[in-house]
Each structure stands twice: as structure tokens, then as C-alpha cells.
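Peer 1: Need coordinates for the following:
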Amino acid sequence: MVKRGSVAVVAAGLVLAVGGCGGGTDEETGASGKASAKPTPTRPPSKELVKWVGEMCVQTSALKDLRAESAADLKQIRNPDEAGSDAQFFAVSYLSRTPLAVDDVESALTDLDPSGVPAADRLRNALLKKVKGVADHLDEVSPIDAVDDAEGIVADVDKRVQSLTPPQPDLLALTKKDPQLAAAYKRAEQCAPGWNPDEEAASPSPDPTGPLPKAADGKNIDACSDGECEVLVTSPVWITANGVDVHVTPGDDSVTFETPSSVMRLGGQGGVAKWGDDLKATVVAQNKDGTVLKFTIP
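Peer 2: Residues are numbered from 1 along each chain as shown. Okay, here's the model as predicted:
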């Protein structure tokens, strides 16, 4: 037989035990809740990562533009009503310009140091492999090949150019998984929609009906012999620069560059022609009166 006094003591002990456990649990839960609700701050991306992401956006954009231009050139060559007797000329010009554009992207990606983000570096390596494969093939293509089969050779090159799409997952997809990449992507101005590098690098275009700007070397084409000059060209002329012989023909809205193995036609300010690592020509200004050209060694 249990005494009433004993029951009271046991009951009181149970109440204290339950109360003590409940109080401790509420306090711990509250502290844990506060900790889990507090977001983990994201470190600002390094300048190096922002620069890396920006350069990847530049090269991705360059390949996108190249694909669009290549498709447009092929369409023009295939349309006899538009290209007419100039189909071969357009094809030779296309085969002179396109390998240089691919080489420029390959060079930029090769020079890009590791980002420090494994997934991003894998993306860069995969894209570089694609570009290098196309560049190696185009090294075996000569502009002269267009004389025999303009449409066929350009179609083959265009097919390879169209393959130069970003590997998946692309850079934008990677930013959704990596906060540091996302922050760098947001800060890189080259990744902003509608970014145009020419808006920063190029000076305002001269009035096409107004006078051309003064060239540093005037009409003295002999100043180009060492590969560095800025000259005014108002009529067809041969220019020898750094050992490269280039025939320059200015038009109302374009400039044509011819060498024994290539033909390139550029329109308007900012156009660039390159002959390997030997010479580069930039169209400083262009109108009906002639063109101002700047020759440099790349």
C-alpha cells in the first residue's frame, strides 16, 4: 500500500523534470532557428574573376557575331541575283577574313589564365578545344580555292563556323550554381545585354560628307615600310608595309585590300584587315573622298 505523501513527492518530481526539459528545448530551438535564418554573406568577387568572366563574354559574343556574319555571307554567295558576277570575289574575301576571326578568338582563349572556378575552367577548355579544331581546319583552306567552287568551299567553312556554339552548361547556367561567378558576371560590363566594345574604343565617326581627318603621315606611303604608319589613300595604290605588299582600293563606302593570295573588302570606320602576325590595317575613317588607314604590326 502506497502512502499519499509518497505519491505527492513523485508527482512533484515529474512536474519539475518535465518543466526543466521543456525550458531547455525551447531555448536551444530558438537559438538554432536564429542561426539558420541568417543568410551566409557572399564575398565580393576578385578583380581577376570579374576580368576573366568579362573576357569569356567578349569571346562568346565574338563567336555569335561570327556565326551570324558567316551565314549572311553564304546566303549572299548563294543568291546569284544579289552576288552576281561578284560571287567569287565575295567568297575570296570571306575565306580571307573568317580564319583570322577564328584565330583571334583562339588566341584570346589561349591567353586566358585559369579562373580558379573548376566548372568555369572546364567551360573555357571545352570552348577552346572547339575553336582550335575549326582554326586548324581553316589553316588548310586557301582563298584561291573559291575560284573553282565558291559556294561549296564557303558552305563547308560556314558549317564549321556554325559549330562554334558555347558548350553546355554555358557561362550563364554556371552562374546559377556559383554565387562568386554570379557576382562576377553581374559586375563585368562586357556581359551586360547590348554591350558594344566599339562604343568605348572607337571615337565618333566623321561626317561621311565632310572632310576626312588628317593622317599622321599624309599621303606618304613610304612611311609604311616599317609596318607602322597612318596614311591618306584617295586612289588605288600599292603599299608595302613590313614586307607585305598590299593593293589598296578606296571606294565610296568600302576599302578593298588585295595581296597575291587574298582579297578583303571592309566597309566604314573600325574595319580591320590582318595578314597573320606580319601586318594589320585599321580603317580610321572612310568616305567618298578616300580613306585614312593605320598600319601596325600585331
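
Peer 1: Going by C-alpha atoms from here, please, whenever you check contacts or count neighbours.
Peer 2: OK.

Peer 1: ok, which stretches of this structure are strands?
Peer 2: Remark: strands assigned in the chain by DSSP state E are 229-233, 237-241, 244-250, 255-259, 262-266, 272-275, 279-287, 290-296.

Peer 1: Residue 46 is nearest to which of the ones you listed?
Peer 2: Of all these, strand 272-275 sits nearest to residue 46, with 33.1 Å by Cα to Cα.

Peer 1: what comes into contact with the closest one?
Peer 2: Outside strand 272-275, the residues within contact range by Cα atoms under 8 Å, 6 or more residues apart in numbering are 97, 100, 257, 264, 266, 280-283.

Peer 1: And those residues, which is closest to residue 107?
Peer 2: Distance to residue 107, by Cα to Cα, is smallest for residue 100 among the contacts of strand 272-275, at 10.4 Å.

Peer 1: low-confidence ranges in this protein?
Peer 2: 1-42, 80-86, 197-210, 268 (pLDDT under 70).

Peer 1: try 90
Peer 2: The chain contains residues with pLDDT under 90 at 1-45, 73-101, 139-151, 193-212, 249-277, 286-289, 298.

Peer 1: Give me the domain ranges for it.
Peer 2: Under the assignment automatic domain parsing, the domains of the chain span 47-201, 221-296.

Peer 1: Check these for me and report the most buried one.
Peer 2: Mean neighbours per residue, mean count of other Cα atoms under 10 Å, is largest over the domains of the chain for domain 221-296, with a mean of 19.

Peer 1: How far off centre is that domain?
Peer 2: Put simply, domain 221-296 sits 25 Å off its chain's centre (Cα atoms, centre = their mean, to the nearest Å).

Peer 1: and of the domains of the chain, who's closest to residue 211?
Peer 2: Judging the domains of the chain by Cα to Cα, what sits closest to residue 211 is domain 221-296, at 8.0 Å.

Peer 1: just to revisit the earlier point, can you redo the domains of the chain as TSV with distance to residue 213?
Peer 2: Shown next, in TSV, are the domains of the chain (distance: least, Cα to Cα, whole Å):
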stretch	distance to residue 213
domain 47-201	17
domain 221-296	7
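
Peer 1: show me where the stretch 1-150 of the chain has helices.
Peer 2: 4-37, 47-78, 80-83, 87-111, 118-138, 150-162 (DSSP state H, counting those that start in this stretch).

Peer 1: And the contacts of strand 272-275, which two are furthest apart?
Peer 2: Counting by Cα to Cα, the most remote pair of those is 100 and 283, 16.6 Å apart.

Peer 1: Among the strands of the chain, which comes closest to residue 174?
Peer 2: It's strand 272-275; of the strands of the chain, that one is closest to residue 174 (Cα to Cα) at 33.4 Å.

Peer 1: Note down every partner strand of the closest one and its orientation.
Peer 2: Note on strand 272-275: by DSSP bridges, its sheet partners are strand 279-287 (antiparallel).

Peer 1: tell me the angle the strand it pairs with makes with strand 244-250.
Peer 2: Relative orientation of strand 279-287 versus strand 244-250 (axes from the mean of the first three to the mean of the last three Cα atoms, to 10 degrees): 10 degrees.
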